[in-house]
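Enquirer: curious how this folds, go ahead:
(2 chains, ligands or ions: 2)
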Protein chains: 2
Amino acid sequence: MARKRQMKLSAYLVGTGMHAGSWRLEQAHPGASIDIDYYRRLVQTAERGKFDIAFLADSLAINDQSHPNILNRFEPITLIAALAGATSRIGLVATASTSYIEPFNLARLFMSADHISKGRVGWNIVTTRDLSGSTARNFGASTHPELALRYQKAAEFVNVVRGLWDSWEDDAFIFNKETGVVFDPNKLHRIRHKGEFFEVEGPLNIARSPQGHPVLVQAGNSEPGQQFAAQIGEIIFAIKFNFEDARQYYQAFKERIVSFGRNPDDVYILQGISPVIGATEEEARLKLKRLERLLPDDTIMGFLADYFRELDLSRFTPETASKEAGLHTLNAIHPDYRKHQPVIIRENPTLREVYSLIIGSFSGDHLIGTPEKIADTLEKWFLEGAADGFMLMSPALPDGLEEFIDRVVPILQQRGLFKKDYEGTTLREHFGLPVPPNRFCRQTV
Amino acid sequence: MARKRQMKLSAYLVGTGMHAGSWRLEQAHPGASIDIDYYRRLVQTAERGKFDIAFLADSLAINDQSHPNILNRFEPITLIAALAGATSRIGLVATASTSYIEPFNLARLFMSADHISKGRVGWNIVTTRDLSGSTARNFGASTHPELALRYQKAAEFVNVVRGLWDSWEDDAFIFNKETGVVFDPNKLHRIRHKGEFFEVEGPLNIARSPQGHPVLVQAGNSEPGQQFAAQIGEIIFAIKFNFEDARQYYQAFKERIVSFGRNPDDVYILQGISPVIGATEEEARLKLKRLERLLPDDTIMGFLADYFRELDLSRFTPETASKEAGLHTLNAIHPDYRKHQPVIIRENPTLREVYSLIIGSFSGDHLIGTPEKIADTLEKWFLEGAADGFMLMSPALPDGLEEFIDRVVPILQQRGLFKKDYEGTTLREHFGLPVPPNRFCRQTV
Ligand SMILES: Cc1cc2nc3c(=O)[nH]c(=O)nc-3n(C[C@H](O)[C@H](O)[C@H](O)COP(=O)(O)O)c2cc1C
Ligand SMILES: Cc1cc2nc3c(=O)[nH]c(=O)nc-3n(C[C@H](O)[C@H](O)[C@H](O)COP(=O)(O)O)c2cc1C
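Expert: Ligands and ions are numbered 1, 2, ... in the order given. All right, here's what the predicted structure looks like:
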């Protein structure tokens, strides 16, 4: 009998957690985002919970308004290289942008980390959002390229990187001590790429890893972003705030995958969740309230005034409802706002909640409550065509991760929805993803 | 009483060793250059020997003639991030070029590794030699910039990186849970650099490390290279093949440091050595002979024919003396050749030895022999003004490192020339190098 399809789980690891007030919790360690011992414990916890992935986000610019956990943090590729030694099974996904690094350097960094981890690495490909141009100005560019151009460049970038990763055929190295032959020169390849954005000759000075290539992860939300993701992504991250949106997105995206001639079962869609877990629903609600109260009023209002420049918010407080403040009248200019608009319009959250939503620490009702309720929600999304798995974006860390592992994971395992142990050792094996063929190999029949 | 000045030791870690034939030794592990467990053991061995540094070289292009150990190897920054977790005291120096990466990315990668290792990282700054243009072609450039230009660019690059490293003052973060204040905005700085080669606004999204900045390491050999090194280097690597050359270089370089208004005792010159150790001199000589015999004739002659294009070498074999082959008549065009010319002219090595010399696995007579003889050579160089320490470039690994630690280090320790244990925890502490002041801090009197 074929085993039941298994849910995939990824842990989003970021300092004291997604919630911008989390660092103020009594038990929080505000220096967490730069403490390697803390990150080692986090990723070991995730591995104890049999998570498929530990995920590290990234950004290339900060300002005074930035989330406290990203002002001062590790660069994610060096971080996964370090975390590889503290773990043996969990996949390690680092985010890196295609807009501000040379493809040769990126190809090397990721393949090196993939060898260091013995085939457990994934690359979360982003093109970087940069509304204020502050990222561009860190790289000598006067303006950030616009969306469509960014994804054109990203497509060529990824093609170059994959070509470089195939520089060496898997059996190129001979190392015959008798004859002194090191490798077969016919199995060393140069891509000699000359494209619209990049010229790269190759070869790369590192061979393919035990899983062939790092796994390609994507989270594009715009139309060009989704087109890109549907063509090259193997794992897709999305954030949807209710079941209906999540299901619609999931179904449409799987169709999009098919439209590119790919098998929709080879692409995993993981939905971002920020559950708040309590012994009772009441306890969970109180917990979230306590977190919300840790967001200073002027931080919230300062951020929102800057974000919704078209509105005068000076008369309002974080407790004002978004409709009263006029948010529903906005013709959304921000891609971020467009993403969250359905919730704002439908659920009329307070300005405090809108802030949490934008800054990334919002959970709908269906994810606030007892471990059973949360397991029910995940089961429904998983079985009814809204998710292949989840990205756990805990409001507070390490607590949120530990609680999820100690209280929700066992329920999912009992229900046969989540594995009791790792079976493979590479990230591709965890997902049943094929080792990519080498583009330079003659096909054998 | 002040303690005697102590010799510094650095271990050059590269696969099966410096010698191009080392992978063919019976005990050699030819896949070493891509085996993370092997590197972990190597660096732990170096730490057992109380080495100050484990050093990782780099290059950004390969071809069919490349040294077997560099065809397929780890990227060094990811590698030191991984090795940090396997060690607790030894310094970790990675090589990176200023010619093919954005300063913002490099600043982040190194500072992140420095935090991961809790202040044990150094950056070996190179500008990359690229005679054939193959590196340039991996980065969309048609030609590699010429020497003087490369060092001009490097100087500006390093200035930008150091500025980015100072983005956060050490006491910028407040994290007051009561008031919700995260940091003091007056202690966050943008460099707003607009120079000849780079425009970088900042700030960097990572704070200074426990040692302030990674240590700056340099090995420029040309005139512009030495000028650059004398201005910014804190640890300098050189390779000289006899005492007189080493002493002359050492004295001249220290004067150069003084000419830039720096204290010569704050800059450490480490001389590269490739000792061959035996119980007797005879045994050491045999060992080297055995290694030399592992270099295939056609590899050697193919390499040299390409390298000395002006000469017709087709009538010769690796056993031909360099004078007979006409090498001493050459008007050296290669910077590499110029570097080795004194040895070739004075000592008339065989073509096999010339090859070893160029490819980096040559040792003069003074470094072939018993542990005592080698200790005597190091003592002389150290006490008589030719070195502040040594870079151990073992012909064969791990054996060469293990023998040196088990047999030479104890002699150096007995003679009071080398420490018996680490005293500090950061790389700067191992060298007594000061924590660099933050350029944005108001001076306190
Ligand atoms: C779970 C998740 C994690 C993300 N992590 C990052 C990140 O670390 N860095 C980043 O620049 N963007 C990140 N994004 C944003 C997306 O990559 C993407 O830029 C965004 O959804 C907008 O899509 P678009 O680029 O197609 O406009 C993430 C998105 C999701 C859903
Ligand atoms: C011990 C030692 C290690 C070196 N490692 C590297 C290296 O890893 N990568 C590199 O490109 N150059 C390396 N070099 C070369 C120097 O950085 C420098 O480029 C070379 O000595 C020529 O000097 P120049 O650049 O001033 O011409 C090394 C040199 C020495 C002495």
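Enquirer: from here on, contacts and neighbour counts on C-alpha atoms
Expert: Will do.
Enquirer: so what are the domain limits for chain A?
Expert: A:8-275+A:365-431, A:281-362 (automatic domain parsing).
Enquirer: can you list the residues of chain A near ligand 1?
Expert: Counting by Cα under 6 Å from any ligand atom, chain A comes close to ligand 1 at A:57-59, A:95, A:126, A:128-129, A:219-222, A:225, A:237-239, A:272.
Enquirer: redo that, cut-off 8 Å
Expert: Along chain A, the residues adjacent to ligand 1 under the rule Cα under 8 Å from any ligand atom are A:12, A:56-60, A:95-97, A:124-129, A:147, A:218-226, A:237-239, A:271-272, A:335-336, A:391, A:393.
Enquirer: intersect those with the contacts of chain B.
Expert: Counting by Cα under 8 Å from any Cα of the partner chain, residue A:60 from those sit close to chain B.
Enquirer: in strands, which of the residues of chain A next to ligand 1 appear?
Expert: The strands, defined by DSSP state E, take in A:12, A:56, A:95-97, A:124-126, A:218, A:237-238, A:271-272, A:391 from the residues of chain A next to ligand 1.
Enquirer: among those residues, name the buried ones.
Expert: A:12, A:56, A:95-97, A:124-126, A:218, A:237-238, A:271-272, A:391 (16 or more other Cα atoms under 10 Å in any protein chain shown).
Enquirer: among these, which pair sits farthest apart?
Expert: A:97 and A:271 (20.9 Å; Cα to Cα).
Enquirer: so what's residue A:271 bridging to?
Expert: residue A:238, residue A:390 (DSSP bridges).
Enquirer: now chain A against ligand 2: closest residue?
Expert: Nearest residue of chain A to ligand 2: residue A:205, at 13.6 Å (Cα to the nearest ligand atom).
Enquirer: and the closest residue to residue A:326 other than its chain neighbours, how far is that from ligand 1?
Expert: The shortest distance from residue A:326 to any non-neighbouring residue, by Cα to Cα, 6 or more residues apart in numbering or on different chains, is to residue A:311 (7.5 Å). According to Cα to the nearest ligand atom, to the nearest Å, residue A:311 and ligand 1 sit 23 Å apart.
Enquirer: how far away is residue A:311 from chain B?
Expert: 26 Å (Cα to the nearest Cα, to the nearest Å).
Enquirer: these two touch, right, that residue and residue A:305?
Expert: Yes: the criterion here is Cα atoms under 8 Å, and residue A:311 meets it with residue A:305 at 7.5 Å.
Enquirer: so what's residue A:70 up against?
Expert: A:14, A:33, A:62, B:205 (Cα atoms under 8 Å, 6 or more residues apart in numbering or on different chains).
Enquirer: ok, now which ones touch the last one?
Expert: It stands for residue B:205. Contacts of residue B:205 by Cα under 8 Å, 6+ apart are A:60, A:61, A:62, A:70, A:71, A:72, A:73, B:108.
Enquirer: now with 10 Å?
Expert: For residue B:205, the contacting residues are A:59-63, A:70-75, B:104, B:108, B:112, B:164-165, B:167-168, by Cα atoms under 10 Å, 6 or more residues apart in numbering or on different chains.
Enquirer: next: the third one.
Expert: With contacts defined as Cα under 10 Å, 6+ apart, residue A:62 is in contact with A:70, A:71, A:72, A:134, A:135, B:202, B:203, B:204, B:205, B:206.
Enquirer: going by neighbour count, which of those residues comes out on top?
Expert: Most neighbours among the contacts of residue A:62, by other Cα atoms under 10 Å in any protein chain shown: residue B:204, with 31 neighbours.
Enquirer: check which helix or strand that residue maps to.
Expert: Applying DSSP states H and E as the criterion places residue B:204 outside every helix and strand.
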